[in-house]
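*Asks:* Give me the fold of what follows.
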Amino acid sequence: MVASRRKMESEEARKVCFSKRRADLFKMASELSVHFNADVAAVVFSPAGNRAYSIGDPSVMDRFLSSLPAPAPPRRPSQSQRWIGR
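*Replies:* Below is the predicted model of the structure:
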């Protein structure tokens with residue numbers, strides 16, 4: 001059985017639901033860590049997208065971030081791009 005998902009129209013209801021779900025998610029992450037002696041981390045962003053919440057040992061995030069490829073250096077605009085920009 002699959003529950004249907006749709007966006008909550010009320011912003012206030014979204015905020016309340018987010019807070020409850022975030023607490024549940026973080027509790028589950030903590031339980032996984034304790035019961036299985038696992039390194040666990042979780043990151044979620046607020047519905048507005050302006051705040052991040054996280055749980056877990058900082059070393060987990062450090063390992064994750066160090067496994068990502070280095071960002072490419074910014075490219076200089078080509079001659080044709082400079083002409084178009086005039």
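*Asks:* which regions of this structure lie under the pLDDT threshold?
*Replies:* 1-3, 77-86 (pLDDT under 70).
*Asks:* mind listing the helices for it?
*Replies:* Per DSSP state H, the chain carries helices over the ranges 11-36, 58-67, 79-84.
*Asks:* May I see these organised as CSV, with distance to Pro47 added?
*Replies:* The C-beta positions use only the backbone N, C-alpha and C, and glycine is treated the same way. Putting the helices of the chain into CSV (distance: least, Cβ to Cβ, whole Å) gives the following:
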stretch, distance to Pro47
helix 11-36, 5
helix 58-67, 22
helix 79-84, 37
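*Asks:* Point out the most buried one among those.
*Replies:* Comparing the helices of the chain by mean neighbour count (mean count of other Cβ atoms under 10 Å), helix 11-36 comes out on top with a mean of 12.
*Asks:* how far does that helix sit from the chain's center?
*Replies:* Here helix 11-36 is found 14 Å from its chain centre; the criterion is Cα atoms, centre = their mean, to the nearest Å.
*Asks:* next one: stretch 29-41
*Replies:* So, by Cα atoms, centre = their mean, the centroid of stretch 29-41 is 18 Å from its chain's centroid.
*Asks:* Then stretch 67-78?
*Replies:* Distance of stretch 67-78 from the chain centroid (Cα atoms, centre = their mean) equals 22 Å.
*Asks:* thinking again about what came up before, of all the helices of the chain, which one comes closest to Val43?
*Replies:* Closest to Val43 of the helices of the chain is helix 58-67 (Cβ to Cβ; 7.8 Å).
*Asks:* that older thread, closest one to Pro73 among the helices of the chain?
*Replies:* Taking those one by one with Cβ to Cβ, helix 79-84 is closest: 16.6 Å.
*Asks:* out of the helices of the chain, nearest to Arg51?
*Replies:* helix 11-36 (10.4 Å).
*Asks:* Point out the other elements, helices or strands, that the closest one touches.
*Replies:* When contacts are defined as 3 or more Cβ pairs under 8 Å, 6 or more residues apart in numbering; DSSP states H and E, helix 11-36 sits against strand 41-45, strand 52-56.
*Asks:* Between those, which one is closest to Arg63.
*Replies:* Nearest to Arg63, of all the helices and strands packed on helix 11-36, is strand 41-45, at 9.2 Å by Cβ to Cβ.
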